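1. with the input below, show me the fold.
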Amino acid sequence: MYKTPPLAVAVSAALMSLYPSVSSAQGAGESGMLEEVIVTAQRRAESLQEVPMTVTAITPQDIADYNLFRFEDLAQLSPGLSLESNGGFGSVAQMRGVGFDSNASAAPAVDVYINETPVDANYAFQSIYDIGQVEVLRGPQGTLRGRPAPGGAITVTTRRPDLDAFGGSLSASAGDQGSQNYQGALNVPLIDNQLGLRVAGMFDEDEGNRAKSVNSGIESERETRSWRASLLWAPTDGFEALLTHQWLESDRINMETVNGPGAGYNGPAIGDDRDLSVMEGESGGKQKFQTTTLHMSLDLPGHVLYYNGAYQDNSFDFDVELDLLNAALDWTEAQKTRSSFKVDSQELRLESDNPDAFADYLVGLWYMKTDTATTFAQPSVLDGAFGSPLNPDPTGGVNSDYLIQASGGIPIEMTEYAIYSNTTLHLTDATDLQLGVRYLQSEEERVETINTSAAEIAIGIAPGAPLNGLCQGLVGLGVGFNGDETYPGYCDLVLASSNYSQTASKDQEAWVYNVALKHQFTDDVMAYFNYGHSWRPAGVTVGVTAPVTPDLLQGDPEESDSYEIGVRSELFDRRMRLNASIFHQSFDNFIGRFNEVPYIGAGDTIQSGGFTYPGDATVEGFELDVSYSLTENWWAQFNTAYADGTYDDATVPCRDTNLDGNPDSGDIGDLTLDDFGGSSVLYCDVDTRISSTPKWTAMLQTEYSFELFSNDAYVRALYNYYSEQEDTGMDYEADAYGILNVFAGIRGVNSPWEISVWAKNLLDEDTLLERGQPQTVYGMFPAGYYQVRYVPEREVGITLRYAFGNG
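-> Below is the predicted model:
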């Protein structure tokens, strides 16, 4: 199991138009027919049933109905999408069997856009509020917006000001597991039908992964505060400008959960508890996020000209306790990371606006510059740090003379340019051919500096036997012995301080393109074929505090080809909606991330870290979405997704502690320097999966409403199913499990209030999702614990909402 320090995350952030939001509930309307779903996946407002790609629309009503307070909660309504915050630093978005780890220091496989601005996953995975619409776009993206992304994209649109109606809303939620969420919004028309202001804010607090240390009593917690202001100006029917500024600040403490008997000195035996930690210190920090966006549109003869600009100023300060298993007492091994992240993006786009023309088209220019400045510092222990290497003592603290301090900086500057075009040819009244292409260039300059302090290491000459002055005689050899025999049989060798710097500069260019053909067989049945070619610049390994071979630092760019066939249909007088798709995608040099890989570190110590490395891979799968309006007041929806993405016998860095050529979760204390055979790491040939998400996922949601005391009452349920994990290459693979969330409430028919009670994980499912292996920490101390992650326990709560005016 892997929990990454945020050093690599800080750097990955650097290597990574607003439409009116038209939202529509997916439940039944008054007639019993399913309501139309409008999306802007192709940067035009159109029916979901007319789009030749797979799209999941999540409306503001959905977000409110299911109490989706955080970005990662959106995955509950989109099978096949996995969003894992991992404490907010090292966040992961995966889709269609295509994995991505933000520690890979690469452009994401699944991109996130907030108000058409690409946002790093570590900043997107925060509390969400006052949302206009969320759309999950599956399959390669890149010819219509932002950057190429082979897995898909998630677009988030915040609510726009209303120019002619005063209004607002308030909501408050609280759960029995310590969670609290408060939201508010106010809309004010400043000049009727010309100038409007909308202000929204949020406060969110919970207990994170709900872990508490049995040794220190420290508990996990997170607190997020945010506000957003949007000013919309529309002086004429043909021009509008929308200026939005958002500020967000998040503080958190994250304690890692463990199971195991322990070692007798570092904590009690912990059975199947899912919320206990043994850490003496804490991991935590502060994250700040500010973004300003400006979106303008101007009507021209037969065209519309759009401008989208954004500036992001983000930062995080994070300290992580590396001795997660409390192997050494009275010692906190802290990695300190400080990072600033500034992004300037600009887009100019011209679209045709003639619904009767044979062709609809758009052309655009794209520019994005990212500047990241990251510093880090962390200690490493050498022989002698815990007393005599013959009998090291984990309970007596640490001798700082035998600590080597590593520190450094990793500034990165990356600039991206692109020109793109997308054209739809209306071949007949029922058949459209869509062609899209993007040419892009990227320029990257990166410097990684590692400084190590002077330190002592105890060299065994005759361990345990006094040397009677022999150490003093070694001084004359000139290799660093200082003559001291601190521990019997060991001579102290002084390691000189060092400075290592590596500069990388790389310019790349590529073409991204797609072709889509769709045919409308009837008013209610459409089928399509979609081909997409995607590209990503090579990922980079950062955060490894020792020189390694060049191929481990940066590989080759990734390319992929995707094929999708789908059908969109509405049946039984549009009381049922049935959409399905199948897909195949092949990758050359898929950018993978391999964590907890042993490598030879400072002082010839064996450490573990994460490496970004390419390998060929293939993905296949399908998706099914069925919605049905049973009556005017009862509807249900079933979604399922299957995706199997695997490496094609790729040779990659691995954790292979028994040297059998296969990855495992074993103890790196079993390895010796000779096992590496002169290489920096160990390698394995793998055909394991490229994503940690289960192959099968499914969702069933339903709502039944009825009259109660002249008001509208409802009962709502959401069930998510996850199949067993397979072919992950790890020793432990989780069993299949399901989570049931239920909601019941009452709302005013003619007055905008609502009270609801809810239970998340009603059946208190407790499946073990991840399990590591007991480790020998520092190559000396069997800690007796291993990291674990369980399904969060049941939470019961209440939500109150009130809206006035237009909400």
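
2. can we go C-alpha only for contacts and neighbour counts from here?
-> Noted.

3. hey, where'd the strands end up in the stretch 551-700 of the chain?
-> Ranges of strands in the stretch 551-700 of the chain, per DSSP state E, counting those that start in this stretch, are 558-571, 576-600, 606-631, 634-647, 650-654, 682-686, 696-708.

4. run a quick neighbour tally on the closest residue in space to S498 that isn't next to it in sequence.
-> Take S498 and drop its neighbours on the chain: the residue closest to it by CA to CA, 6 or more residues apart in numbering is T452, 5.2 Å away. The number of residues packed near T452 is 23, by other CA atoms under 10 Å.

5. mind listing the residues bridging to T452?
-> A406, S498 (DSSP bridges).

6. in the stretch 51-200 of the chain, what spans have low per-residue confidence?
-> Within the stretch 51-200 of the chain, the segments meeting pLDDT under 70 span 86-90.

7. now the strands for it?
-> For the stretch 51-200 of the chain, strands defined by DSSP E, counting those that start in this stretch occupy the ranges 54-58, 81-84, 92-95, 110-114, 117-118, 131-138, 152-158, 167-175, 180-191, 195-206.

8. could you dump these into a markdown table with distance to V686 added?
-> Shown next, in a markdown table, are the strands of the stretch 51-200 of the chain (distance: least, CA to CA, whole Å):
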| stretch | distance to V686 |
| --- | --- |
| strand 54-58 | 30 |
| strand 81-84 | 23 |
| strand 92-95 | 20 |
| strand 110-114 | 23 |
| strand 117-118 | 33 |
| strand 131-138 | 26 |
| strand 152-158 | 25 |
| strand 167-175 | 44 |
| strand 180-191 | 44 |
| strand 195-206 | 39 |
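
9. what sits against the spatially most central residue of the chain?
-> Residue closest to the average C-alpha location in the chain (CA atoms, centre = their mean): V92, at 2.7 Å. Going by CA atoms under 8 Å, 6 or more residues apart in numbering, V92 touches S82, L83, E84, S85, N86, F100, D101, S102, A121.

10. re the thing from before, among the strands of the stretch 551-700 of the chain, which is nearest R210?
-> For R210, the closest of those is strand 576-600, at 24.4 Å, according to CA to CA.

11. just how off-centre is that closest one within its chain?
-> Centroid separation for strand 576-600 versus its chain: 14 Å, with CA atoms, centre = their mean, to the nearest Å.

12. report all helices and strands that it contacts.
-> Contacts defined by 3 or more CA pairs under 8 Å, 6 or more residues apart in numbering; DSSP states H and E place strand 576-600 against strand 558-571, strand 606-631, strand 650-654, strand 682-686.

13. so for T59, which of these sits nearest?
-> Using CA to CA, these put strand 606-631 closest to T59, at 15.3 Å.

14. how far away from the center of its chain is that closest one?
-> 13 Å.

15. again, but for stretch 718-733
-> In terms of CA atoms, centre = their mean, the centre of stretch 718-733 is found 18 Å from the chain centre.

16. just the residues contacting that stretch, thanks.
-> 76, 662-665, 686, 688-702, 734-742, 769-772.

17. hmm, try it at 7 Å
-> 76, 663-665, 688-689, 692, 694-702, 734-742, 770-771 (CA atoms under 7 Å, 6 or more residues apart in numbering).
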